[in-house]
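> I'd like to go over a predicted model; first the sequence, then the structure.
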Amino acid sequence: MRGKTSSDLPDILAHRDEAKAFYGVIQEPLAVYSVAGYTTPEVFAAETAVKLDEIISGHKIRDWTRNQDVKNLMMNEIEDYLYSLKGRYELPMDIELIERITYQVLAIAERRNG
């Protein structure tokens with residue numbers, strides 16, 4: 001999100017600090033896709049960031065950053081979600097991109113909660 005101001009971000013990200021951080025990771029790779037049903041690639045990326053935030057939040061427990069089982073569960077669910085987007089919208093995302101997004105999102109979540 002370097003160089004972005006709050007006014008540059010889609011409204012759905014207001015008051016969602018972790019989703020904003022995730023948006024910074026996924027906005028650029030997803031910006032190349034025009035997705036039916038979304039006004040802009042930025043809105044698609046923002047909604048994806050919110051969903052990733054919900055996935056992470058849904059599995060957080062005390063000291064989760066030191067619990068590999070919880071982190072594996074988060075990673076699996078993030079990957080499953082990204083693969084579902086790939087299939088639903090016929091996005092040409094490869095496994096390398098999906099894994100990179102997954103690891104970056106988890107790393108951000110760990111840094112912010114560690």
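Good, I have the coordinates.
> so what's the closest residue to P10 other than its chain neighbours scoring on pLDDT?
Spatial nearest neighbour of P10, excluding adjacent residues (CB to CB, 6 or more residues apart in numbering): A46 at 3.8 Å. For the C-beta atoms, the positions are set from N, CA and C on the backbone; glycine is no exception. If you check A46, the pLDDT there is 95.
> buried residues in the worst-scoring helix or strand of the chain on mean pLDDT?
The helix or strand of the chain with the poorest confidence is helix 17-30; it has a mean of 93 (mean pLDDT, DSSP states H and E). Residues E18, A19, K20, A21, F22, Y23, G24, V25, I26, Q27, P29, L30 are the ones in helix 17-30 that count as buried (16 or more other CB atoms under 10 Å).
> now the angle from the helix or strand following that helix to helix 17-30?
Following helix 17-30 in sequence order, the next helix or strand is helix 41-59 (DSSP states H and E). On the basis of axes from the mean of the first three to the mean of the last three CA atoms, to 10 degrees, helix 41-59 is oriented at 130 degrees to helix 17-30.
> gap between helix 41-59 and the chain center?
5 Å (CA atoms, centre = their mean, to the nearest Å).
> Check which helices and strands that helix sits against.
helix 17-30, helix 68-88, helix 95-113 (3 or more CB pairs under 8 Å, 6 or more residues apart in numbering; DSSP states H and E).
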